[in-house]
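A.B. asks: Got a sequence here, can you build the structure:
(3 chains)
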Amino acid sequence: MDYPPMAVTFDHGGVPASDGGGDPFGDQHPNFSDVFPRNFPESLRVLVFDEDPAYLLILERHLQAFRYRVTTCNEESEAMTLLRDHRNMFDIAMIHANNSDGDRIRFISEIGSEMDISFIIISKDDSVESVVKWMSTTTACDYLIKPIRPEDLRMIFKHVVKKFLGRRRSVVTVEGDQEKAAAREKSSSVGDSTIRSPDDDQAGKRSSCPNAEVVNEEDHDHDRVTSKKRRRVVWDTELHQRFLDAVNSVGFEKAVPKKILEQMNVENLSRENVASHLQVTFLLVYTTHIIIMFNNNK
DNA sequence: AAAGAAATAT
DNA sequence: TATATTTCTT
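C.D. replies: Numbering: from 1, shown residues only, chains lettered A, B, ... in the order given. Model (predicted):
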């Protein structure tokens, strides 16, 4: 209900409004350089292919200005070879779209579906037909129209972030071909789920106490804080800050739930709670870090 | 046992 | 919708 005074420890230049999604921590940013190792990837590897050497040079310079690691190429066969033989060499591939040949579009659609690279089409053709054709036929994630403004190049990393985020929710499982249509009789094991017995279950220790009747104590929660029931943890700013401090002090590399929990020293907080929070926070921090990192280079 | 990812629930 | 919790895998 009441927010503690914010202590802004990290001044970023503003998060892109486009699709960066909001601020994970409100106005309270952790110091990312403390959270992440120093050798965090400084740039993304981008392959740029265009027949025009002069334009290629322009793109290269702009991309380098944004700290991308650029490899240029003005020969189609070379570009294809690079992509095919070194599938782990690039994060992004910017390919010039040449309408006069279908080979290129075929190549990209083929290789694009089996590689983990974000393809970006560059073309001077701004017609709807062309855009639709390339975007629907290939796995390209963007289509930039020449002349390309530097602004359009600055943020191309967002596609990598998107892919990163997207892959953690693919439920597909396309193994078989046609089967599995009705193979769902795994069935409902009745019951258990929602019930969740409130009692202490069989901890083993004291199950047999013939007499004893200390039934005791605080069955009624006269004070909610010590209630034995698992309350839903609310990660308010204060608790979250405590979490961040713990991560920083234990060192990002070694920050595992157990250690973080110890360091936090908060009552009624379980390792699972911390693990869960770490899971989501890591994702947010990671992507935000990437965005900020590139933003700072503009 | 516990970390991590994914699924599920609120 | 967001995120907290539970389940499942390693």
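A.B. asks: What is the neighbour count of whatever residue of chain A ends up closest to DNA strand C?
C.D. replies: Among the residues of chain A, residue A:276 lies nearest to DNA strand C; the distance is 2.5 Å by C-beta to the nearest atom of the strand. C-beta: built from backbone N, CA, C; applies to glycine. Neighbourhood size, residue A:276 [other C-beta atoms under 10 Å]: 14.
A.B. asks: and if you look at the one 3 residues further on?
C.D. replies: A count of nearby residues for residue A:279, using other C-beta under 10 Å, gives 11.
A.B. asks: Can you tell me how far it is from residue A:273?
C.D. replies: Applying C-beta to C-beta, to the nearest Å, the value for residue A:279 to residue A:273 is 11 Å.
A.B. asks: next one: residue A:149
C.D. replies: From residue A:149 over to residue A:273 (counting by C-beta to C-beta), the distance is 46 Å.
A.B. asks: With neighbour numbers in mind, choose between those two.
C.D. replies: For the pair residue A:149 and residue A:273, the greater number of neighbours falls to residue A:273 (20 against 11), based on other C-beta under 10 Å.
A.B. asks: Next up, identify which helix or strand the more buried one is on.
C.D. replies: helix A:271-295 (DSSP states H and E).
A.B. asks: Same check on residue A:108?
C.D. replies: Going by DSSP H and E, residue A:108 is part of helix A:102-114.
A.B. asks: Okay, buried residues for that helix please.
C.D. replies: A:104, A:105, A:107, A:108, A:109, A:111, A:112 (16 or more other C-beta atoms under 10 Å).
A.B. asks: The second one contacts residue A:138, doesn't it?
C.D. replies: It stands for residue A:105. Yes - using C-beta atoms under 8 Å, residue A:105 is in contact with residue A:138, at 6.3 Å.
A.B. asks: Give me the common contacts of those two.
C.D. replies: Counting by C-beta atoms under 8 Å, 6 or more residues apart in numbering, residue A:105 and residue A:138 have no shared contacts at all.
A.B. asks: Which of the buried residues of helix A:102-114 sits closest to residue A:76?
C.D. replies: Comparing the buried residues of helix A:102-114 against residue A:76 with C-beta to C-beta places residue A:104 closest, at 6.8 Å.
A.B. asks: what about the closest one, distance to residue A:128?
C.D. replies: Separation of residue A:104 from residue A:128 (C-beta to C-beta): 20 Å.
A.B. asks: residues contacting the closest residue to residue A:83 other than its chain neighbours?
C.D. replies: Among residues not flanking residue A:83 along the chain, residue A:111 sits closest, at 5.8 Å (C-beta to C-beta, 6 or more residues apart in numbering). Applying C-beta under 8 Å, 6+ apart to residue A:111 gives the contacts A:80, A:83, A:84.
A.B. asks: Adding distance to DNA strand B, write these out as JSON lines.
C.D. replies: Below are the contacts of residue A:111 laid out as JSON lines (distance: C-beta to the nearest atom of the strand, whole Å):
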{"residue": "A:80", "distance to DNA strand B": "30"}
{"residue": "A:83", "distance to DNA strand B": "25"}
{"residue": "A:84", "distance to DNA strand B": "27"}
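A.B. asks: if we can go back for a sec, okay, now the sheet partners of whatever helix or strand comes next after the helix holding residue A:108, with direction.
C.D. replies: Moving toward the C-terminus from helix A:102-114, the next helix or strand (DSSP H and E) is strand A:118-123. When sheet partners are counted by DSSP bridges, strand A:118-123 sits next to strand A:92-96 (parallel), strand A:142-145 (parallel).
A.B. asks: Out of the ones you listed, which gets nearest to residue A:61?
C.D. replies: strand A:92-96 (13.7 Å).
A.B. asks: what does that closest one rub up against?
C.D. replies: Contacts of strand A:92-96 (C-beta under 8 Å, 6+ apart): A:44-52, A:59, A:68, A:79, A:83, A:104, A:108, A:117-123, A:140, A:144, A:156-157, A:159-160.
A.B. asks: Residue A:119 touches residue A:135, doesn't it?
C.D. replies: No - assessed by C-beta under 8 Å, residue A:119 is found out of contact with residue A:135, at 10.1 Å.
A.B. asks: between those two, which one's more packed in?
C.D. replies: More crowded of residue A:119 and residue A:135, by other C-beta under 10 Å: residue A:119, with 24 against 14.
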